[in-house]
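[1] Sequence first, predicted coordinates after that:
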Amino acid sequence: MSAEQVRLERVLEFAHHQLGLDAVYLWQFRHGRQECRAVAGDAASFRLYPDDGCPVQETYSHRMVTGQIPSLVSDTRRDRRVSGLPVTRESQIGAYVGVPVRCSAGTVWGTLVSVSHQPRPDLDERAVAMLSLLADLIIYDAEEHSGHEQLRRDVLEFIDTGGFAVAYQPVFELHSSRCIGLEALARFPDPYSRPDDTFAAAERVGLRAELEGVVVRRALELIPKLAPGQFLAVNVSPETLLDEGRRAVSVDPRSVARLVVEVTEHAAIAAYAALRHELRPLRERGLRIAVDDAGAGYASLRHILELRPDFIKLDRWLIDGLADDRARRVAVGSFVSLARELGASVIGEGVERAEDLAALRELGLHGAQGYLLGRPSTDPQQVEAWCAAGGPVHQPAVLGRSDADRPPPADAAGQRSGGAAAVRGATSPAVATAVGRELDRLELDRRVSQRLEAVGQLAAGIAHEINTPLQFVGDSVSFLRDAVHELVALTGLYRQALETETAIPLEQRRREMREAEERADVDYLCERIPAAFDRTADGIARVRSIVQAMKRFSHAAGTEVAPADINDALQTTLVVCRSEYKYVADVALELGPLPDVVCNIGELNQVFLNLIINAAHAIEEEIERGGERGEIAVSTHHHGASVVIEIADTGPGIPPALIDRIYEPFFTTKPPGRGTGQGLALALATIQRHAGSLKCTSTPGRGTTFTITLPLVVAGMQPAEAA
């Protein structure tokens with residue numbers, strides 16, 4: 001079953017559960033027939049041709065779309081528009097709710113329909129509104145899938161036919177004002193005008209490496225035209241770096257020495273040691289590495305420290321406004337000092353103001369590029385001018401300056417003299433203090449941002465959890481209101497019959513009472529009223545359970561150290577985050593008897609919440625790849641002077657190469673935008689504060705288990721009343 005079909009069936013299961021009708025169908029109109037795309041519930045009992053389809057004109061759906069019948073028929077026996085239809089009789093349809101499924105262009109794609117064998121007078125326009133919302137979701141997903149396939153075809157066309165251009169932008173040495181290299185930049189036709197978006201889209205369809213490869217091979221055609229000493233810089237992901245480097249060696253071994261490979265900080269690298277080992281033969285042949293977007297990317301300083309690049313290219317976010325922002329000057333000065341220690345050169349990107357260029361010179365950067373110095377160009381004459389031998393050709397006037405303007409020479413310690421030394425010097429206490437304060441502030445901002453994001457997601461999930469039982473409480477109360485109205489009216493007829501003094505024959509009175517009971521459908525009311533009360537009581541109980549769990553969870557978040565029930569905390573956390581896992585996984589609880597643990601239960605609740613949500617996300621990713629509904633197993637047991645908590649999932653598991661990195665700050669295996677990479681790092685820190693341990697075992701394809709071991713009492717961590 002495809003991932004798309006799994007999503008369709010999950011939507012229909014949701015509609016089936018919410019409406020409480022017998023079956024839900026998703027119909028598609030094709031070639032004059034109505035074909036079933038997905039079903040939920042007891043669909044077979046209606047005999048609506050789900051396999052072969054049926055002529056559109058004979059269906060409720062066609063009549064609903066064309067306005068012959070309404071979207072809601074709560075009792076088909078009482079509606080003349082449908083009571084006489086053959087399909088009503090043959091399929092025994094008692095109630096019907098249906099909405100059209102329209103494409104974004106407005107054309108009718110099909111219908112989303114829910115039916116019941118029994119009449120449902122409790123249904124109202126809210127049922128129609130819910131189906132309409134789900135219909136919009138279905139068509140959005142379908143069009144997304146269609147767009148995904150079109151995107152794949154477009155990327156394959158770029159790969160196969162090369163329907164793109166390569167522009168080049170010059171990099172200038174600030175000391176000599178000569179062009180020291182050119183960066184190759186891909187340019188795609190509309191609607192793929194943003195290269196970053198195009199490569200990201202290629203990654204979504206699994207073709208990024210192939211697209212990067214053809215772009216790099218096109219760019220390498222410039223190498224024979226470069227002047228002596230010039231380099232060609234190309235942007236590739238870590239996955240493409242090795243393949244294209246080896247290919248360049250096999251085609252022209254000398255070209256590798258002219259090549260600079262830019263690895264963006266926005267790219268994750270799974271294993272630095274393995275990459276360094278694989279790169280060694282290429283670097284021995286002269287391949288140079290640049291870390292691109294430094295200061296604004298995925299791994300912060302780690303790319304630089306692990307890869308030991310030849311160039312550090314500072315992101316334009318740091319450069320724009322550099323002349324007017326002391327914090328930016330401190331940060332750039334720190335990069336210059338770090339590069340000096342590593343033997344690397346620093347290049348500023350995105351230079352658009354003369355003031356910022358002057359600040360780069362003052363701070364001692366090696367080179368610069370940007371619109372101020374030269375826009376990317378596909379013009380062969382312009383590119384050849386940049387490649388011309390013998391120094392700068394047609395350089396921007398802003399680069400020209402006298403020898404007196406150049407930075408003073410470095411002394412034996414590598415430090416330049418002059419007033420800017422306090423900004424550039426790696427050993428300056430003022431710089432270290434300023435950089436430390438700035439990094440602390442950024443770290444605090446990041447943590448607050450993560451906490452706010454988590455609170456927002458949790459609040460949205462809880463609101464959904466509360467809304468669901470409130471919805472069927474409201475539906476049941478609405479039905480009971482109408483039922484009471486019918487019964488009160490019937491009671492009035494009984495009283496009128498009993499109190500009248502006219503001599504009316506008994507048989508006539510009985511006939512009038514029977515007719516009144518038939519109009520009120522007393523048998524149906526007697527059957528449904530108890531169920532409506534039960535649904536109302538159940539809904540209120542579910543809301544009460546969620547609210548009580550939230551009160552316990554929020555109260556625990558503010559407590560200090562105290563004896564706490566770990567089993568109760570786990571059950572509370574499962575209620576609070578139920579919206580994260582209920583559509584993708586079942587929960588298996590095996591909670592053994594535990595003594596109370598002296599701890600900060602609020603902090604531990606955050607750990608439990610993080611691990612359970614991670615498990616749900618892992619299973620969801622597996623389902624999106626075609627897997628089945630999974631399981632999250634939560635167990636506890638008492639072991640000596642400790643308690644042990646295990647949280648296991650049946651997700652895709654963690655590759656062995658990444659298992660040692662999962663606790664690193666900002667490292668995450670989730671897709672972009674799904675995780676911050678801080679959850680497990682904070683969880684480990686919390687468990688260690690409680691003198692416990694957090695261990696992970698994972699088998700790719702089978703799942704992951706996190707094991708928490710906590711001592712019953714931690715030395716130095718005593719309840720407030722005992723302190």
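    Structure's in. What do you need?
[2] Going by C-alpha atoms from here, please, whenever you check contacts or count neighbours.
    Will do.
[3] could you give me the average pLDDT of stretch 33-43?
    Stretch 33-43 carries an average pLDDT of 87.
[4] so where does Leu694 fall, helix or strand?
    Using DSSP states H and E, Leu694 sits within strand 693-699.
[5] And the strands in the stretch 151-300 of the chain?
    Using DSSP state E, counting those that start in this stretch, the strands of the stretch 151-300 of the chain run over 165-173, 179-187, 231-235, 259-264, 288-294.
[6] closest to Ile619 out of those strands?
    With Cα to Cα, the closest approach to Ile619 among the strands of the stretch 151-300 of the chain belongs to strand 259-264: 29.7 Å.
[7] what pairs with that closest one, and is each one parallel or antiparallel?
    Strand pairing for strand 259-264, determined by DSSP bridges: strand 231-235 (parallel), strand 288-294 (parallel).
[8] helices and strands of this structure: which one bottoms out on pLDDT?
    When each helix and strand of the chain is scored by mean pLDDT, DSSP states H and E, helix 421-424 comes last, with a mean of 34.
[9] Could you check how far Met513 is from Leu525?
    In this view, Met513 and Leu525 are 16 Å apart by Cα to Cα, to the nearest Å.
[10] of these two, who's got more company?
    Leu525 (20 against 16; other Cα atoms under 10 Å).
[11] residue contacts, Gly162?
    Contacts for Gly162 (Cα atoms under 8 Å, 6 or more residues apart in numbering) come out as Val214.
[12] What residues of stretch 117-132 count as buried?
    For stretch 117-132, burial by neighbour count (16 or more other Cα atoms under 10 Å) applies to His117, Gln118, Pro119, Arg120, Pro121, Asp122, Leu123, Asp124, Ala127, Val128, Leu131, Ser132.
[13] Quick check: chain neighbours aside, which residue is closest to the fourth one?
    Residue nearest to Arg120 in three dimensions, not counting chain neighbours: Ser74, with 5.0 Å by Cα to Cα, 6 or more residues apart in numbering.
[14] Could you tell me which other helices and strands the helix or strand encompassing Glu355 packs against?
    Applying DSSP H and E as the criterion places Glu355 in helix 354-363. Applying 3 or more Cα pairs under 8 Å, 6 or more residues apart in numbering; DSSP states H and E, we find helix 354-363 packed against helix 326-342.
[15] What residues of the helix it packs on count as buried?
    Those would be 328-340, for helix 326-342 by 16+ other Cα under 10 Å.
[16] what angle separates it from helix 354-363?
    Going by axes from the mean of the first three to the mean of the last three Cα atoms, to 10 degrees, helix 326-342 is angled at 40 degrees with respect to helix 354-363.
[17] Keeping just the C-alphas, turn helix 326-342 into PDB.
    What follows is helix 326-342, C-alpha atoms only, in PDB (Å, rounded to 0.1, in the frame of the first residue of the first chain):
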ATOM      1  CA  ARG A 326      30.000  46.200  17.000                       C
ATOM      2  CA  ALA A 327      28.600  42.700  17.800                       C
ATOM      3  CA  ARG A 328      29.000  41.700  14.200                       C
ATOM      4  CA  ARG A 329      32.600  43.100  14.200                       C
ATOM      5  CA  VAL A 330      33.400  41.000  17.300                       C
ATOM      6  CA  ALA A 331      32.000  37.900  15.700                       C
ATOM      7  CA  VAL A 332      33.900  38.400  12.400                       C
ATOM      8  CA  GLY A 333      37.100  39.200  14.300                       C
ATOM      9  CA  SER A 334      36.700  35.900  16.200                       C
ATOM     10  CA  PHE A 335      36.400  34.000  12.900                       C
ATOM     11  CA  VAL A 336      39.600  35.700  11.600                       C
ATOM     12  CA  SER A 337      41.400  34.700  14.800                       C
ATOM     13  CA  LEU A 338      40.200  31.100  14.500                       C
ATOM     14  CA  ALA A 339      41.200  31.000  10.900                       C
ATOM     15  CA  ARG A 340      44.700  32.200  11.700                       C
ATOM     16  CA  GLU A 341      45.100  29.400  14.200                       C
ATOM     17  CA  LEU A 342      43.900  26.800  11.600                       C
END
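[18] name the helices or strands packed onto that helix?
    When contacts are defined as 3+ Cα pairs under 8 Å, 6+ apart, helix 326-342 sits against helix 316-319, strand 345-348, helix 354-363, helix 421-424, helix 429-499.
[19] before we move on, back to that, residues making contact with the strand holding Leu694?
    With Cα under 8 Å, 6+ apart, strand 693-699 has contacts from 653-656, 659, 684, 687, 704-710.
[20] Can you list the low-confidence ranges for the stretch 251-400 of the chain?
    Along the stretch 251-400 of the chain, segments meeting pLDDT under 70 span 251-252, 264-271, 296-300, 389-400.
[21] Kindly report the same for the stretch 501-650 of the chain.
    The stretch 501-650 of the chain contains residues with pLDDT under 70 at 501-504, 506, 542, 545-559.
[22] which residues in it form helices?
    Per DSSP state H, counting those that start in this stretch, the stretch 501-650 of the chain carries helices over the ranges 506-520, 522-557, 566-576, 578-581, 601-624.
[23] To Ala633, which of those lies closest?
    helix 601-624 (9.5 Å).
[24] Using PDB, write out the CA atom coordinates for the closest one.
    Extracted in PDB, the C-alpha atoms of helix 601-624 (Å, rounded to 0.1, in the frame of the first residue of the first chain):
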ATOM      1  CA  ILE A 601       9.400  15.500  38.700                       C
ATOM      2  CA  GLY A 602       8.800  18.500  36.500                       C
ATOM      3  CA  GLU A 603      12.200  18.100  34.900                       C
ATOM      4  CA  LEU A 604      11.700  14.400  34.500                       C
ATOM      5  CA  ASN A 605       8.200  15.000  32.900                       C
ATOM      6  CA  GLN A 606      10.000  17.000  30.200                       C
ATOM      7  CA  VAL A 607      12.400  14.100  29.600                       C
ATOM      8  CA  PHE A 608       9.500  11.600  29.300                       C
ATOM      9  CA  LEU A 609       7.600  14.000  27.000                       C
ATOM     10  CA  ASN A 610      10.600  14.400  24.700                       C
ATOM     11  CA  LEU A 611      11.300  10.700  24.400                       C
ATOM     12  CA  ILE A 612       7.600   9.800  23.700                       C
ATOM     13  CA  ILE A 613       7.200  12.500  21.100                       C
ATOM     14  CA  ASN A 614      10.500  11.400  19.400                       C
ATOM     15  CA  ALA A 615       9.200   7.800  19.300                       C
ATOM     16  CA  ALA A 616       5.900   9.000  17.700                       C
ATOM     17  CA  HIS A 617       7.800  11.100  15.100                       C
ATOM     18  CA  ALA A 618      10.000   8.100  14.300                       C
ATOM     19  CA  ILE A 619       7.000   5.800  13.700                       C
ATOM     20  CA  GLU A 620       5.300   8.500  11.600                       C
ATOM     21  CA  GLU A 621       8.300   8.800   9.300                       C
ATOM     22  CA  GLU A 622       8.200   5.000   8.900                       C
ATOM     23  CA  ILE A 623       4.500   5.100   8.000                       C
ATOM     24  CA  GLU A 624       5.200   7.800   5.400                       C
END
